[in-house]
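Trainee: Predicted coordinates and the sequence they were generated for:
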Amino acid sequence: MLRSKGSDFVSEYEFKLNDGKKLILRPLRSEDLDQVCEMERLIFESPWTRLSFEKEIDSCFSHSFVVIDVKIIAYIITWIIRDELHIANVAVHPSYRRYGIATRMLNFVTERARQSNCRLVLLEVRKSNRQAIRLYKQLGFKIDGVRKGYYEQQNEDALLMSYVMNQ
Ligand SMILES: CC(C)(COP(=O)(O)OP(=O)(O)OC[C@H]1O[C@@H](n2cnc3c(N)ncnc32)[C@H](O)[C@@H]1OP(=O)(O)O)[C@@H](O)C(=O)NCCC(=O)NCCS
């Protein structure tokens, strides 16, 4: 379970994995960007630039978080636009996968957005990204449609997925 150590909207949260390991989830900060960009380049074929992450820190729409063991091991970038939560980027370090960390991050941002009166969660995912699609389906997301050639460099389609929150 996520436990608050401070106020709901600026705080640091501690949670435990099934093996008892404690991790910290907190908002993304400028000093995280070296590690986040290194992970981004390791994980993605078309990584976000450092400037893209810097813009997230400055944007009032952006609600972005990192998960820390000793170093940063995961991050999630989201935007709240009106009553919609947009999932823009999610990544977990390869050594920390299948421990439920992405699930924790997604549940955290969704619950937080629900408290801000969001009702809909939206995202795009590569049609070939079977692990991410399985993750989102497990969390209750449905496929709404396809954006043809959305990922231009690889000419790959995106699936549009959404999740309607309970009141
Ligand atoms: C997709 C990703 C974020 C999942 O992170 P994670 O912390 O390992 O995910 P979780 O442990 O919360 O997994 C939850 C569920 O997702 C599905 N899933 C996750 N990884 C999977 C894999 N490699 N193969 C099949 N299903 C997988 C499973 O249903 C899993 O539940 P289970 O472990 O009980 O079977 C991670 O693999 C990653 O960073 N991938 C590269 C970046 C990426 O694709 N981001 C998403 C862009 S839209």
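Mentor: Thanks, I have it. Numbers count the residues shown, from 1 in each chain.

Trainee: for the ligand, what are the nearby residues on this structure?
Mentor: Contact residues, the chain versus the ligand (CB under 6 Å from any ligand atom): 43, 90-92, 97-103, 125, 129, 131-132, 134-135, 138. C-beta here means a position set from N, CA and C on the backbone, and glycine is covered the same way.

Trainee: Type out the ChimeraX command that picks the buried ones from those.
Mentor: In ChimeraX, selecting the buried portion of these, with burial taken from 16 or more other CB atoms under 10 Å, looks like this:
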select :90,91,92,99,101,102,125,132,135
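
Trainee: Which members of the residues of the chain next to the ligand occur in strands, if any?
Mentor: Counting by DSSP state E, these place 90-92, 125 in strands.

Trainee: Enumerate every residue touching the residue nearest to the spatial centre of the chain.
Mentor: Closest residue to the average C-alpha location of the chain: residue 76 at 2.8 Å, with CA atoms, centre = their mean. With contact taken as CB atoms under 8 Å, 6 or more residues apart in numbering, residue 76 is in contact with 64-65, 87, 89-91, 102, 105-106, 109.

Trainee: got TSV for the residues you listed, with distance to residue 35 and pLDDT too?
Mentor: Below are the contacts of residue 76 laid out as TSV (distance: CB to CB, whole Å; pLDDT from 0 to 100):
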residue	distance to residue 35	pLDDT
64	14	97
65	14	98
87	21	98
89	15	98
90	16	98
91	12	98
102	18	98
105	16	97
106	21	98
109	20	97
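
Trainee: out of those residues, who's nearest residue 26?
Mentor: Ranked by distance to residue 26 (CB to CB), the contacts of residue 76 are led by residue 65 at 6.5 Å.

Trainee: Who's the closest spatial neighbour of the residue nearest to the centre of the chain, skipping the chain neighbours?
Mentor: Spatial nearest neighbour of residue 76, chain neighbours left out: residue 105 (4.3 Å); criterion: CB to CB, 6 or more residues apart in numbering.
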